[in-house]
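**Q** Need coordinates for the following:
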Amino acid sequence: MKKIFSALLLTIFLFPAIIYAEDTFEGFASRVESWAEGLNGYVVSNTGATIDLGKNANVVKGMQFSTNRDGEKLIHPVTGEPLGVKKVITGKIVVSSTEQKYSTTKILENKGIKKGDKVEHIFPVPINFKTNLLQESETAQIKYALFKSSAVKEDSSSDYSIICERQNSGANTAKCSLNFKGSVIFSDNIPVKGVKIISTKKTSHNNLYKIDNQVASLSVGFFLGKEKEYLVATTDKSSVTLYTVAADKLVEKYSLSSFRGEISNIESYDINNNGKDELIVSIIDKKNNAISQVYEFDGKKFQLIEDKIPYLFRSYFAKGKKHLICQSYSEGTMVGLIYNVVYDKENEEIKYEPEDLSFGASIYGYGMLDDNFIYFNRHGLLSKSYKSNNISYHNINFGNTVNYIIFSQKLSTGVNVGETGESAGFFVYDEQNIVVPVYQRIIQTKDGSLFMSSNELAKNNIMGSFKNSFIGTYFLTNDNVVTSYQTQIDGTAVTDIDITPDGSTIIYIYSKNKNGLDDVYLDVITNDSF
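**A** Numbers count the residues shown, from 1 in each chain. You can find the predicted model right below:
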C-alpha cells in the first residue's frame, strides 16, 4: 500500500505546467488585465490636477478618475485593534490631454483636490464585448480569457469596448482592440485557424459499439501496458466487464463480480507506476461505508492488489495528463470531503488532508483546475469551489437540475436541491428510485475548455425519463459557462465519459432508453485537437 501511494503522490503533484497551442487571445486578455489593474496613480500638480498616468499607461482623453486621500486611522475603542484608514473622497476628474508619462485633467467635482491625492479608476472595468466573423469556438476562447479574471466585467452599456473580428470570413487573422468611446486604446492582430474543437456527427464517428449489458459507469485505460491496445471497463451495480476495443469490433474479455457492496464508480490509473493502468473499483458496502479496491489485469484476469482503501476515487484530465483525487463519504451521496494526498517523508506514509466539501460529487464527478475544484452535484449542477467559496453555473443544464428545482418548489420542500445537493422529505424517498446518470469526468482540452456531457430530463418528469443529450466543450468564466462547441447525440442520456491516459481518445457511453442505462452504445472519438 505504501509503495503504491508513494507513486500515486508523485504522479498527482508533479504534473507539468499546462501547455497550450499558440493562443494570442490569452495574450491579449492578459494585456487588458494589466491595463485595468494599472489605472491607479497620484495627482502630481495642483494646476489642473495633473496626474502621473499618461500614454505609457494607455490612458486616453475622456477617461474619468476619482481622487482621494487617506484620512483618519480607525481604532476599535474597546479592543484597540487597528481597523484601517478611512478613505476621504476629494473629487472627480476627466482627462483632457495626455503626454507620455502624465495627463492633464479637467476637474468635474472638487472637494479639496491637491497634489499627492490618489487617483483611481473604476474597477473592475466594465466592457462592452463584441465579435464579428469569429467562429463560435474562437468567440468562446477570447471571452473565457477576458472574463476569467476579476479585472474586467461584461457590460453592454459601457463606453469601454473590446471588438474582436475578422476582416472577412476567410481571413487567418483576427484583430482584437480595446476601445474607449470609439478611440482605440490598443489592439493586437491574432492568428486564427477557425477549426472546430471536435466533431461528433455520424459521419465522423470513429467507432460505435452496441453493449448488451446495463451500464452505469465506464473507465478506459492501458491495462496491458502503454504499447498495447487500450481496454474499456464498464460496470453496473454489482459487476465489472472488461472489453477489448479494436478497429472494427468490441469483444468482451473478462468479467469481475462478487463485490461486498454496491459499485459506485470505477477508474483506471497507473497507481504503482509500472507502465500499465490498474482498475480502481469504489464500493459502498452494506453498512454504508466507502471501500476502494485496486486490481491489475494480467492478460487473463484481474488480480486484487489492494483492498479496503477507505476512500472513493475519481479521475480527471487536466494539463495534458490524467489524475486521481480521493474523497471521504458520509450521509449517503449527500456530503463528502475531498482530500489532497500528502506524503509524510519522516514517517514514510501517505496522509489525506481535507480540502473542500463536495456536496455529493463523490459518485458524480469532480476535478481540479487552476486550484479550483470543479464538480457536479447529484442533480447535475456544475459548480466551482475553492476553500468552500462556491460558484454555481445555472446558465447551462448538465443534468436534471432544472426539473428538480421545479418539483422542489411545487412540493414546498424548502430545499434548493439544485444549489447544494441536499435532500429532504420527498427527495429522500425518490433518491432510492430515480436513475440519474450524471457520472461525469472533468476533461480539459488543450485550449483550457472542458469536454462534458449534458442530459435533459423529460418535461415534468422526475422518475428517470430522459429525452435528449449533448456533448461539447465549454469554458468557465467567473460568471457563467461559455459554450465553445456542442452537438446533440443520437440518444437520450450520456452515462459516463472517459479519456485514455495519453489524451488521444475520448470514449463515452450513451443510452437510447429513457432510463439512461439500457440499450447502451459506446462511442469512440479520436480527438486530434488534444
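**Q** Packing partners of the helix or strand containing S268?
**A** Using DSSP states H and E, S268 falls within strand 262-269. Judged by 3 or more Cβ pairs under 8 Å, 6 or more residues apart in numbering; DSSP states H and E, strand 262-269 is in contact with strand 217-221, strand 231-235, strand 278-284, strand 312-318, strand 321-327, helix 361-364. Every C-beta, even on glycine, is put in place using the N, C-alpha and C of the backbone.
**Q** and the first one, what's its mean pLDDT?
**A** Strand 217-221 comes out with an average pLDDT of 90.
**Q** thinking P126 is in contact with S156, fair?
**A** No - applying Cβ atoms under 8 Å as the test, P126 and S156 come out as separate, 9.1 Å apart.
**Q** Just want to know which of these two has more residues nearby.
**A** Legend: neighbour count by other Cβ atoms under 10 Å for P126 and S156, higher for P126 (16 against 10).
**Q** Distance check, that one against A151.
**A** Distance of P126 to A151, given as Cβ to Cβ, to the nearest Å: 11 Å.
**Q** Please apply the same query to S187.
**A** 18 Å.
**Q** and G332, what pLDDT?
**A** In this model, G332 is scored at 45, pLDDT.
**Q** ditto for F180
**A** 96.
**Q** So which residue is smack in the middle of this structure?
**A** I374 (4.9 Å; Cα atoms, centre = their mean).
**Q** and the host helix or strand of that residue, which strands flank it?
**A** Using DSSP H and E, I374 falls within strand 372-376. Partners of strand 372-376 in the sheet, by DSSP bridges, are strand 366-369 (antiparallel), strand 382-386 (antiparallel).
**Q** Off-centre distance for that strand?
**A** Distance of strand 372-376 from its chain centroid, counting by Cα atoms, centre = their mean, to the nearest Å, is 6 Å.
**Q** any idea which strand is longest in this structure?
**A** Counting residues, the longest strand found in the chain (DSSP state E) is strand 82-98.
**Q** wait, which of the strands paired with strand 372-376 is closest to N289?
**A** N289 sits nearest to strand 366-369 of all these, at 20.3 Å, using Cβ to Cβ.
**Q** what's next to the closest one, contact-wise?
**A** 314, 316-318, 323, 325, 327, 338, 358, 373-376, 441-442, 444, 450 (Cβ atoms under 8 Å, 6 or more residues apart in numbering).
**Q** Check the average confidence over it, would you?
**A** For strand 366-369, the mean confidence score works out to 77.
**Q** Output that strand as CSV, restricted to C-alpha atoms.
**A** Provided in CSV are the C-alpha atoms of strand 366-369 (Å, rounded to 0.1, in the frame of the first residue of the first chain):
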residue,chain,number,x,y,z
TYR,A,366,-15.1,16.3,-9.9
GLY,A,367,-11.6,17.5,-10.9
MET,A,368,-9.2,20.2,-10.1
LEU,A,369,-8.4,23.1,-12.4
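**Q** Spatially, and excluding backbone neighbours, which residue is closest to E306.
**A** Spatially, and ignoring its direct neighbours in sequence, E306 is nearest to V294 (3.8 Å; Cβ to Cβ, 6 or more residues apart in numbering).
**Q** hmm, I was thinking of L178
**A** Nearest non-adjacent residue to L178, counting by Cβ to Cβ, 6+ apart: I185, 4.5 Å away.
**Q** any idea which element that neighbour lies in?
**A** Using DSSP H and E, I185 maps to strand 183-191.
**Q** P501 and S219 touch, don't they?
**A** No - look at P501 against S219 with Cβ under 8 Å: they stay out of range, at 10.8 Å.
**Q** residues shared between the contacts of the two?
**A** S268.
**Q** neighbour-wise, which of the two wins?
**A** Legend: neighbour count by other Cβ under 10 Å for P501 and S219, higher for S219 (26 against 20).
**Q** Remind me what the longest helix along the chain packs against, helices and strands.
**A** Ranked by residue count and defined by DSSP state H, the top helix of the chain is helix 24-37. Of the remaining helices and strands, those touching helix 24-37 by 3+ Cβ pairs under 8 Å, 6+ apart are helix 136-147, strand 152-154, strand 173-180, strand 183-191.
**Q** Pull out the buried residues from the last one.
**A** Neighbour-count burial for strand 183-191, with 16 or more other Cβ atoms under 10 Å as criterion, is recorded at 185, 187-188, 190.
**Q** Centre of the chain to the following helix or strand past that strand, how far?
**A** Per DSSP H and E, the first helix or strand lying C-terminal to strand 183-191 is strand 207-211. Distance of strand 207-211 from its chain centroid, counting by Cα atoms, centre = their mean, is 29 Å.
**Q** Please report how far the closest residue in space to V184 that isn't next to it in sequence lies from N40.
**A** Ranked by Cβ to Cβ, 6+ apart and with sequence neighbours excluded, the top spatial neighbour of V184 is S177, at 5.1 Å. Distance, S177 to N40, by Cβ to Cβ: 23 Å.
**Q** So those two - more neighbours on which side?
**A** Using other Cβ under 10 Å, the more surrounded residue of S177 and N40 is S177, with 17 against 14.
**Q** and L522, backbone torsions?
**A** Here is the backbone geometry of L522 (degrees, to the nearest 10): phi -110, psi 130.
**Q** Start the count at 54 instead of 1 going forward.
**A** Okay, using 54 as the starting number, the last item reads as L575.
**Q** That one: neighbouring residues, count only.
**A** So L575, with other Cβ under 10 Å, has 22 neighbours.
**Q** Need the pLDDT of the spatially closest residue to it that is not a sequence neighbour.
**A** Among residues not flanking L575 along the chain, Y262 sits closest, at 4.5 Å (Cβ to Cβ, 6+ apart). The model reports Y262 with a pLDDT of 84.
**Q** How many residues are close by Y262?
**A** Using other Cβ under 10 Å, Y262 has 19 neighbouring residues.
**Q** separation between it and S292?
**A** From Y262 to S292 the distance is 19 Å (Cβ to Cβ).
**Q** can you check F429 too?
**A** Distance, F429 to S292, using Cβ to Cβ: 25 Å.
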